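Undergrad: starting from these lines, generate the structure:
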Amino acid sequence: MKETNRRTFLTASAAVCAGAAVAAGPFPAGSKKLPIVHHVFFWLKNAGNEADRKKLIEGIKTLKAIETVGELHVGVVASTEKRDVVDNSWDVSELLFFKDLAAQAAYQSHPTHLAFIKNYSHLWSKVLVYDVAEV
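TA: All right, here's what the predicted structure looks like:
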């Protein structure tokens with residue numbers, strides 16, 4: 001699959017997933033503030049290394065302690081049918097929900113998030129982030 005097609009697909013997929021998740025998410029209906037979805041994909045330096053994958057998942061789960069994180073989901077590649085539109089090249093993902101842009105900004109500079117980057121960034125070779133606002 002061409003890189004531009006994969007990027008287009010991932011952007012669209014993130015938006016669709018975020019919209020569905022937001023609809024079922026922890027935010028009250030009719031809220032004046034639009035929820036922000038932060039979807040991050042990680043590629044391990046040692047692809048296929050189970051110990052590194054478990055360690056990264058452990059680190060991601062520490063982010064739930066940040067008070068502005070509304071919800072956190074951690075995932076790995078599903079064993080779904082292989083199709084041209086499916087990118088399964090990543091190893092671990094995190095899906096975070098914030099009530100608004102200010103909450104997401106606070107998360108970015110939070111000591112727990114900075115400690116996560118410091119303590120676990122040696123595990124990944126690539127990170128791709130999709131931030132989505134509900135429409």
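
Undergrad: packing partners for the helix or strand harbouring residue 105?
TA: Using DSSP states H and E, residue 105 falls within helix 101-109. On a contact count with 3 or more C-beta pairs under 8 Å, 6 or more residues apart in numbering; DSSP states H and E, helix 101-109 meets strand 36-44, strand 92-98. Every residue, glycine included, has its C-beta placed from N, CA and C.

Undergrad: got CSV for those, with mean pLDDT and mean neighbour count too?
TA: Shown next, in CSV, are the helices and strands packed on helix 101-109 (pLDDT from 0 to 100; neighbours: other C-beta atoms under 10 Å):
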stretch, mean pLDDT, mean neighbour count
strand 36-44, 98, 21
strand 92-98, 97, 21
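
Undergrad: how about the strands of the protein, start to end?
TA: Secondary structure of the chain (DSSP state E): strands at 36-44, 71-76, 92-98, 124-133.

Undergrad: just send these back as CSV, with distance to residue 107 too.
TA: Output for the strands of the chain, formatted as CSV (distance: least, C-beta to C-beta, whole Å):
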stretch, distance to residue 107
strand 36-44, 8
strand 71-76, 11
strand 92-98, 7
strand 124-133, 11
